[in-house]
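Asker: 3D model of this:
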Amino acid sequence: MPLPSGNPYEPVEGRGVTMFPRSPLLDVPQVSDAPANSQACVDIWWWPYDADVDWHRICDGLTLEEKSRAATFHYEKDAISFIAGRHLQRATVSKYTSIPVQDLHIAAGPHGKPCLTNSVIAFNLTNAEGLAALAISRDCSAVGIDAEPMARVIETEASSLFCSSAELDILSTLPPGESRSLRLSYWVLKESLVKATGTGFVTAPNQLTIRLDRPTNAIRFDNPIANGNTSWHHHLLQGPGHLIAISAQTDRAQLILRQREFSSLPGDYQ
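Answerer: Modelled structure (predicted):
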């Protein structure tokens, strides 16, 4: 289908929807042990956990600090979300480093971003109402992932807190349903970038403008941060009931994504 005319750096308009491109998560190639050749690769491990999981068994693999933190949550669903994320993170990082789960030392940076001491592996975790997902890469200097339920509604009044004036102009022209969907895309993309940098919002989120480069179908940020924009790659994925954003920084021209569903059993992958 030919690309629509007009500004080549705006969200796509077609079939009545103004939207950044979204790839169905299950259409992304599965994680394998084969190398990604010269392309940088980010693997996404996702876990749509449910109430049937043996959470006491899962907790056995957490550190004392993680167990103590889980006990501080007022609501059980929040504690379960935390436990699920930490279990996914520890099990997956262990798989990629061949370091036993109990020997992993995952530290937190100045702004809370997890990192592995003395390792080149980059990874980042997100939790969102029944879904835990981890982005991990041996080829990228930084990765960030964010997910939100598709049904989440970000109120129009909150848009000015994280949307630029250019983004607000676009949102103001759209029907309510399309505006809500695009607003959620802006949110998760900016969150994924901030989580990748690990520095918090050095630049206010409403000073960052996201656009679509129609000739390449690539998602771009107008305002480069963290050592420039040319080495950043941004993607949107539509998972089971969730919208997922990935931001990754690499010195390679191309980035490929792979995905795999995670099993709830320690050391067991689908």
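Asker: Ser23 falls within a helix, correct?
Answerer: No. According to DSSP: H, G, I helix; E, B strand; the rest coil, Ser23 belongs to no helix; its state is strand.
Asker: Nearest residue to it in space, please, no chain neighbours.
Answerer: With sequence-adjacent residues excluded and distances taken as CB to CB, 6 or more residues apart in numbering, Ser23 is closest to Leu237, at 5.4 Å. All C-beta spots, glycine's among them, are computed from the backbone N, C-alpha and C.
Asker: Could you look up the SS state of the one you found?
Answerer: Under the three-state scheme (three-state DSSP), Leu237 adopts strand.
Asker: give me the beta-bridge partners of it?
Answerer: Counting by DSSP bridges, Leu237 forms beta bridges with Ser23, Ile244.
Asker: need the contact list for it.
Answerer: 22-25, 28, 44, 243-246, 257, 259 (CB atoms under 8 Å, 6 or more residues apart in numbering).
Asker: for this structure, what spans make up the strands?
Answerer: Under the criterion DSSP state E, strands of the chain are mapped to 12-14, 17-19, 22-24, 40-47, 106-108, 114-116, 122-127, 132-137, 142-149, 210-213, 218-221, 232-238, 242-249, 255-261.
Asker: Reformat those as CSV; add distance to Glu66 and mean pLDDT.
Answerer: Converted to CSV, the strands of the chain look like this (distance: least, CB to CB, whole Å; pLDDT from 0 to 100):
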stretch, distance to Glu66, mean pLDDT
strand 12-14, 42, 44
strand 17-19, 38, 54
strand 22-24, 32, 91
strand 40-47, 16, 96
strand 106-108, 9, 88
strand 114-116, 11, 88
strand 122-127, 12, 96
strand 132-137, 14, 98
strand 142-149, 19, 97
strand 210-213, 34, 88
strand 218-221, 33, 91
strand 232-238, 27, 95
strand 242-249, 24, 97
strand 255-261, 23, 95
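Asker: I would like a ChimeraX command selecting only the buried ones among the contacts of Leu237, please.
Answerer: Selection of buried members from the contacts of Leu237 for ChimeraX, criterion 16 or more other CB atoms under 10 Å:
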select :22,25,28,44,243,244,245,246,257,259
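Asker: Spit out the contact partners of the nearest residue to Leu62 once chain neighbours are set aside.
Answerer: Leaving out its chain neighbours, the residue that sits closest to Leu62 by CB to CB, 6+ apart is Arg86, at 5.7 Å. Applying CB under 8 Å, 6+ apart to Arg86 gives the contacts 62, 66, 70.
Asker: was I right about Leu104 contacting Pro114?
Answerer: No. Contact criterion CB atoms under 8 Å: Leu104 and Pro114 do not qualify, at 10.5 Å.
Asker: ok, now how distant is the closest residue to Val188 other than its chain neighbours from Ser141?
Answerer: Of all residues not flanking Val188 in the chain, Ala245 sits nearest, at 3.9 Å (CB to CB, 6+ apart). Note on Ala245: its distance to Ser141, by CB to CB, to the nearest Å, is 18 Å.
Asker: Check Ser185 too.
Answerer: 25 Å.
Asker: More neighbours: the two, which one.
Answerer: The neighbour comparison of Ser185 against Ser141 (other CB atoms under 10 Å) goes to Ser185, with 22 against 16.
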